[in-house]
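**Student:** From the sequence below, what's the structure:
(2 chains)
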Amino acid sequence: QVELQESGPGLVKPSETLSLTCTVSGDSISTYYWTSIRQPAGKGLEWIGRIHASGSTSYNPSLKSRVTMSVDTSKNQFSLKLSSVTAADTAVYYCARVQTEGLGENWFDPWGQGTLVTVSS
Amino acid sequence: IQMTQSPSSLSASVGDRVTIICRASQSITKYLNWYQQRPGKAPKLLIYSASSQQSGVPSRFSGSGSGTDFTLTISSLQPEDFATYYCQQSYSTPYTFGQGTKLEIK
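**Tutor:** I've put the predicted structure just below:
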């Protein structure tokens, strides 16, 4: 059974870089695309980006200038970095596997439990 | 692509049949997924590709639609179904979600 676990600092100072790691167990990270999604308290879900083990990435244009995703196949992990954070970046950050059947036909399953990141001085 | 759900909130009773609507700002063919999120938990996939039921999801959950209009139906509400439901399009990036429908106990 595939499980994902997010890890990283729960508190980041404004203007600094948020760094999170998603560790995948029960499956090889090389097989799928992987994605990051965030959710501010009491609000909806926002897609951040996706990455394949090949290094291929796609980011949300609203965050693209600040987002970097990378994969470490040796550790079965992928990482998210979001630079120049502000209070608006305070949210629960989730990672998930992207299941794909074909072009456009993909969905997110399973998800990690999520980790709260607060941006504050 | 903008996704709009209606209603934003819904009160219903155990045993009721409920329908949640999701509308896309342009055609997304069948590339629409539904998730359930209970308080304090991660979203859980219910339906993918508009009408395919994820393994392990109770049969009372069903999805339909194509193009721009989609529905999620719960045939007979159970206590554990009171949660927030999100639709999500995978037709093109950036993937986008609806604003959510909060299903509450009447």
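**Student:** in the sheet, who's paired with the most centrally placed residue in chain B?
**Tutor:** Nearest to the mean C-alpha position of chain B, by Cα atoms, centre = their mean, lies residue B:34 at 4.0 Å. Following DSSP bridges, residue B:34 is listed with bridge partners residue B:47, residue B:87.
**Student:** Hmm, it is touching residue B:87, no?
**Tutor:** Yes: assessed by Cβ atoms under 8 Å, residue B:34 is found in contact with residue B:87 at 5.6 Å. For every residue, glycine as well, the C-beta is placed using N, CA and C.
**Student:** what touches both of the two?
**Tutor:** Between them, residue B:34 and residue B:87 share these contacting residues under Cβ atoms under 8 Å, 6 or more residues apart in numbering or on different chains: B:22, B:72.
**Student:** neighbours around residue A:46, how many?
**Tutor:** The local packing of residue A:46 (other Cβ atoms under 10 Å in any protein chain shown) involves 18 other residues.
**Student:** Equivalent analysis for residue A:41, please.
**Tutor:** By the criterion of other Cβ under 10 Å, residue A:41 has 9 neighbours.
**Student:** Looks like it contacts residue A:88 (just checking).
**Tutor:** No: using Cβ under 8 Å, residue A:41 is not in contact with residue A:88, being 12.0 Å away.
**Student:** What parts of chain A come near chain B?
**Tutor:** A:35, A:44-47, A:50, A:58-62, A:94, A:99, A:101, A:104-114 (Cβ under 8 Å from any Cβ of the partner chain).
**Student:** taking those one by one, which sit in strands?
**Tutor:** A:35, A:46-47, A:50, A:58-59, A:94, A:99, A:101, A:105-111 (DSSP state E).
**Student:** Next, give me the two most distant ones among those residues.
**Tutor:** A:46 and A:101 (24.1 Å; Cβ to Cβ).
**Student:** does stretch B:9-29 come close to chain A?
**Tutor:** Yes: judged by Cβ under 8 Å from any Cβ, stretch B:9-29 and chain A are in contact via residue B:29.
**Student:** Can you point out the buried residues in that stretch?
**Tutor:** B:10, B:12, B:18, B:20, B:21, B:22, B:23, B:24, B:28 (16 or more other Cβ atoms under 10 Å in any protein chain shown).
**Student:** what does stretch A:49-63 give?
**Tutor:** A:49, A:50, A:51, A:52, A:53, A:57, A:58, A:59, A:60, A:63.
**Student:** Leaving out the residues flanking it, which one is nearest to the third one?
**Tutor:** Okay, so that is residue A:51. Distances taken as Cβ to Cβ, 6 or more residues apart in numbering or on different chains place residue A:69 nearest to residue A:51, at 4.3 Å, with adjacent residues excluded.
**Student:** What is the burial count for that neighbour?
**Tutor:** As a measure of burial, residue A:69 has 23 neighbours, counting by other Cβ under 10 Å.
**Student:** any idea how far chain B is from it?
**Tutor:** 13 Å (Cβ to the nearest Cβ, to the nearest Å).
**Student:** Chain A contacts on chain B?
**Tutor:** Counting by Cβ under 8 Å from any Cβ, chain B sits next to chain A at B:29-31, B:33, B:35, B:41-45, B:48-49, B:54, B:86, B:88, B:90-100.
**Student:** From those, list just the buried residues.
**Tutor:** Buried subset of the residues of chain B next to chain A (neighbour count, 16+ other Cβ under 10 Å): B:30-31, B:33, B:35, B:42-45, B:48-49, B:54, B:86, B:88, B:90-91, B:93-100.
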